[in-house]
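**Q** Okay, here's the prediction I keep looking at, along with the sequence it came from:
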Amino acid sequence: MGKYILKRLLISVVILFFVAFIIYALMRCLPTSYIESVARQRSMTPGSKSYEEWMAQLAAQYNMDKSIIPGFFGWLGTFLRGNFGDSWKWTVPVIEKFNDVIWISFIMGAISFFFELIIAIPLGIVAATHQNTNLDYAISVVALAGISFPTFFFASLMKLVFSVKLGWFDLFGLVGRNYNQLDATGKVLDMANHLVMPIVTLVVISFGSLMRYTRTNMLEVLSADYIRTARAKGLSEKKVIYHHAFRNTLIPIVTIVGGSLPGLFSGALITETLFGISGIGYVSYQSMIGGDIPFSMFYMVFLAVLTLLGNLIADILYAVVDPRVRIA
Amino acid sequence: MAKKKKQDFTPITPDPQYILQVNALKKYFPIKSGMRVVGQVKAVDGVTFNLKHGATMGLVGESGCGKTTTGRAILRLSGDKTDGQVLFEGKEVYDLNPTEMRALRTKMQIIFQDPFSSLSPRMPVGEIIGEAVREHGLVKKEEFNDYIENIMENCGLQAYHRNRYPHEFSGGQRQRICIARALALNPRFIVCDEPVSALDVSIQAQIINLLKELQEKYKLTYLFISHDLSVVEHISDTVGVMYLGSLVEYGDTDDIFRNPLHPYTKALFSAIPVPDPTVRMNRIVLEGSIPSPAKPPEGCKFHTRCANCMERCKYETPVQKEIEPGHYVVCHLYD
């Protein structure tokens, strides 16, 4: 097992190297780079240097005067030494900006992921065990409606009902206007109140696919011969479903869940924008269109590491839930 | 529940000399087109037979004739029956409530055809065999391990196999696990649903002999479903021949093999290979293929392929007649 994990980690390093290179190359190939827009802006000022002069100066300053491959190794060298640099767009160290915005996205992501799991998996099991009944159809319709709603439509609908008509929640933002006057408990409650609508939006648009996935896998297992064996043994229906069928459904679910762990850190661009929450999804998008290489590279490599780790953890968990997986 | 419809069979009364009495059992499966039911597959269409304590009945017929469905319907493993009676030890199986049904499951067991898919891949063998024993509280906790190991040894498995998983075994051993699993509940009646057809010939003989030994040891009653006539002749006391969901002939093994009456039985038996190249086989070759059980032919179901087809066979359904004691046939030739 130890040897297996070591091997996987070494392969992951190689994959990371190429992932980082591809992202760097793509960033460099974007039609407008950060220095171009800065140079254009500064050359507009009366009495300033020309655009070309600014470009030459900025390129040297921002390390953009080298071609892609030497530029990449230059970036990699500083990155590996633990120096992630300053964000060009936000003009603060990358780490600082990242630390500012990641936690709110992570909290939102984790809470909605938790609700997604506890809603989708039981509903999937119920739908499968009541296949082709009205209950199954009702669950599927709700799930499909959730999948099909565009985020902005559903979020706007919620705002209309719960903010404009009922006035339960604020339309935007993470904190209310009198946040600073509240005591500690009040601050937490205020924030929680502002997170309700974004989290509900995230859960509604995402639980459907996991529920359908659980249902499909559960149906497949329920029609297996060994489930008939379990029934022939005279086991209770509960035991048949949870002890025999669900255990065998867990493996594909673990894959999906393991694969979606990085999603907790990637933020939710549309939801964050709609609710005016400055999380990582929103900030990374702004960095990317602004050509902010240090921030985007840090964020992307971070996600790549998480994805690889997520897959590795899922593979290790297989061995836990499936005794047949014996790693040589 | 569908509303009660008119029963078109004569109800039978419990008879203590039989462990199992099946009367006019029917099991239809709906054919759905979208939401509507457009027809029915008459998988089992009126099967009647009785089975004595400690006896073995063979059920033969070509594939798709409803043998397996009959076995499962008797054990109430494929939903509700369509019609008919199944009396196990004098009690109607389909009238039991879920608790009584679960208790009855220990008395009637099944060995499935495919030992590869019928064992849960994520359970060690000891758990597969012992789970239901514990669940039904059949033995005391401190005797549990000995009980399981004893059953395993009786079925030709080693005690140390307990902690292994099914994929670590060969086909023959897996079928032994299936047998041990069924036997662990101390049943009185076992449906053997083609238990050897997935195994190669040398293993088949071992499994058949094991089943016979266990039958003597535990006083078991078998319903042995197979399409292998030589195996059925070897193991059965009585034989039923099925065609398109119904029994066409039923009687003692010796009578049926010595003197097959129904044209279908004759054709079936003429196809048994004889291990002697000098004997000229006189095979009766049936024309055409088995009709769809969704649209069985009018009259005698076999008339479309029968060499002795008469005019009345095409519209008049034959009834079961006793030709010699205990030997029943459903055919107009013997009116």
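**A** Now that the structure is in, tell me what you want to look at.
**Q** Around chain B, which positions in the stretch 201-328 of chain A sit nearby?
**A** Contact residues (C-beta under 8 Å from any C-beta of the partner chain) of the stretch 201-328 of chain A with chain B: A:224-226, A:228-237, A:239, A:244, A:247-248, A:321-324. Bear in mind the C-beta positions are built from the backbone N, C-alpha and C, glycine included.
**Q** Make a PyMOL selection of the buried ones in the residues you listed.
**A** To isolate the buried subset of those in PyMOL, counting by 16 or more other C-beta atoms under 10 Å in any protein chain shown, use the following:
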select buried, chain A and resi 224+225+226+228+229+230+231+232+233+234+235+239+244+247+248+322
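**Q** who in the stretch 151-300 of chain B is up against chain A?
**A** Taking C-beta under 8 Å from any C-beta as the contact definition, the stretch 151-300 of chain B meets chain A at B:Tyr165, B:His167, B:Cys178, B:Arg181, B:Leu185.
**Q** The first one touches B:Val125, doesn't it?
**A** Yes: counting by C-beta atoms under 8 Å, B:Val125 is a contact partner of B:Tyr165 at 7.2 Å.
**Q** Who has more neighbours out of those two?
**A** Using other C-beta atoms under 10 Å in any protein chain shown, the more surrounded residue of B:Tyr165 and B:Val125 is B:Val125, with 25 against 19.
**Q** what's that one in contact with, if anything?
**A** Shown in contact with B:Val125 (C-beta atoms under 8 Å, 6 or more residues apart in numbering or on different chains): B:Met152, B:Leu157, B:His161, B:Arg162, B:Asn163, B:Arg164, B:Tyr165, B:Pro166, B:Phe169, B:Ile177.
**Q** Just the element for residue 234, please.
**A** Since no chain was named, I'll use chain A. Taking DSSP states H and E as the definition, one finds A:Gly234 inside no helix or strand.
**Q** try chain B instead
**A** helix B:229-235.
**Q** Name the residues of that helix that are buried.
**A** Buried residues in helix B:229-235, defined by neighbour count with 16+ other C-beta under 10 Å: B:Leu229, B:Val231, B:Val232, B:Glu233, B:Ile235.
**Q** So which elements touch that helix?
**A** Identification of packing neighbours for helix B:229-235 by 3 or more C-beta pairs under 8 Å, 6 or more residues apart in numbering or on different chains; DSSP states H and E yields strand B:56-60, helix B:201-218, strand B:221-225, helix B:253-258.
**Q** which stretches of the chain have low pLDDT?
**A** All of this is about chain A. Low-confidence regions of chain A, defined by pLDDT under 70, span residues A:1, A:319-328.
**Q** Chain B is the one I meant
**A** Filtered on pLDDT under 70, chain B yields the residue ranges B:1-8.
**Q** Please list all residues in contact with the closest residue to chain B within the stretch 201-328 of chain A.
**A** Ranked by C-beta to the nearest C-beta, the top residue of the stretch 201-328 of chain A for proximity to chain B is A:Gly234, at 2.7 Å. Each residue near A:Gly234 by C-beta under 8 Å, 6+ apart is listed here: B:Met101, B:Arg102, B:Ala103, B:Leu104, B:Arg105, B:Thr106, B:Ala132, B:Glu135, B:His136, B:Leu185.
**Q** in what helix or strand does B:Asn186 lie?
**A** Short version: B:Asn186 belongs to no helix or strand, going by DSSP H and E.
**Q** tell me the phi and psi of it?
**A** The main-chain torsion angles of B:Asn186 are listed as degrees, to the nearest 10 and equal phi 60, psi 50.
**Q** Roughly how far does it sit from B:Thr278?
**A** Between B:Asn186 and B:Thr278 the computed distance is 49 Å (C-beta to C-beta, to the nearest Å).
**Q** Tell me which of those two has more neighbours.
**A** Under the neighbour definition other C-beta under 10 Å, B:Asn186 and B:Thr278 were set side by side, and B:Asn186 has more, 17 against 5.
**Q** Might one say that that one is in contact with B:Arg105?
**A** No: with the criterion set as C-beta under 8 Å, B:Asn186 and B:Arg105 do not qualify as a contacting pair; they are 11.6 Å apart.
**Q** hmm, back to that, pick out whichever of the contacts of A:Gly234 sits closest to chain A.
**A** Set against chain A, the nearest of the contacts of A:Gly234 by C-beta to the nearest C-beta is B:Arg105 (2.7 Å).
**Q** secondary structure element for the closest residue in space to A:Ala128 that isn't next to it in sequence?
**A** Closest residue to A:Ala128 in three dimensions, ignoring its sequence neighbours and counting by C-beta to C-beta, 6 or more residues apart in numbering or on different chains: A:Met218, at 3.6 Å. Per DSSP H and E, A:Met218 falls inside helix A:184-222.
**Q** Please identify the next secondary structure element, helix or strand, after that helix.
**A** Counting by DSSP H and E, the next helix or strand C-terminal to helix A:184-222 is helix A:225-232.
**Q** helix or strand right after that next one?
**A** Once helix A:225-232 ends, the next helix or strand along the chain (criterion: DSSP H and E) is helix A:237-239.
**Q** what's residue 246 in contact with, if anything?
**A** You didn't pick a chain, so chain A it is. Contact partners of A:Phe246, counting by C-beta under 8 Å, 6+ apart, are A:Ile125, A:Met218.
**Q** I was after chain B.
**A** Listed by C-beta under 8 Å, 6+ apart, the contact set of B:Ser246 reads B:Asp45, B:Gly46, B:Val47, B:Lys301, B:Val330.
**Q** Between which two of those is the distance greatest?
**A** Using C-beta to C-beta, the contacts of B:Ser246 span at most 12.9 Å, a distance reached by B:Val47 and B:Lys301.
**Q** Pull up the overlap in contacts between the two.
**A** Counting by C-beta under 8 Å, 6+ apart, the residues touching both B:Val47 and B:Lys301 are B:Gly245, B:Ser246.
**Q** mind listing what the residue most central in space within chain A touches?
**A** With the centre of chain A defined as its mean C-alpha position, the nearest residue by C-alpha atoms, centre = their mean is A:Gly263, 2.1 Å away. Contact partners of A:Gly263, counting by C-beta under 8 Å, 6+ apart, are A:Gly109, A:Phe113.
**Q** again, 7 Å this time
**A** A:Gly263 is in contact with A:Gly109, counting by C-beta atoms under 7 Å, 6 or more residues apart in numbering or on different chains.
**Q** show me where the stretch 1-150 of chain A has helices.
**A** When secondary structure is read from DSSP state H, counting those that start in this stretch, the stretch 1-150 of chain A shows helices at A:2-29, A:34-44, A:51-61, A:68-80, A:94-129, A:134-148.
**Q** Tell me which of those lies nearest to B:Pro297.
**A** When these are compared by C-beta to C-beta, helix A:134-148 sits nearest B:Pro297, at 37.7 Å.
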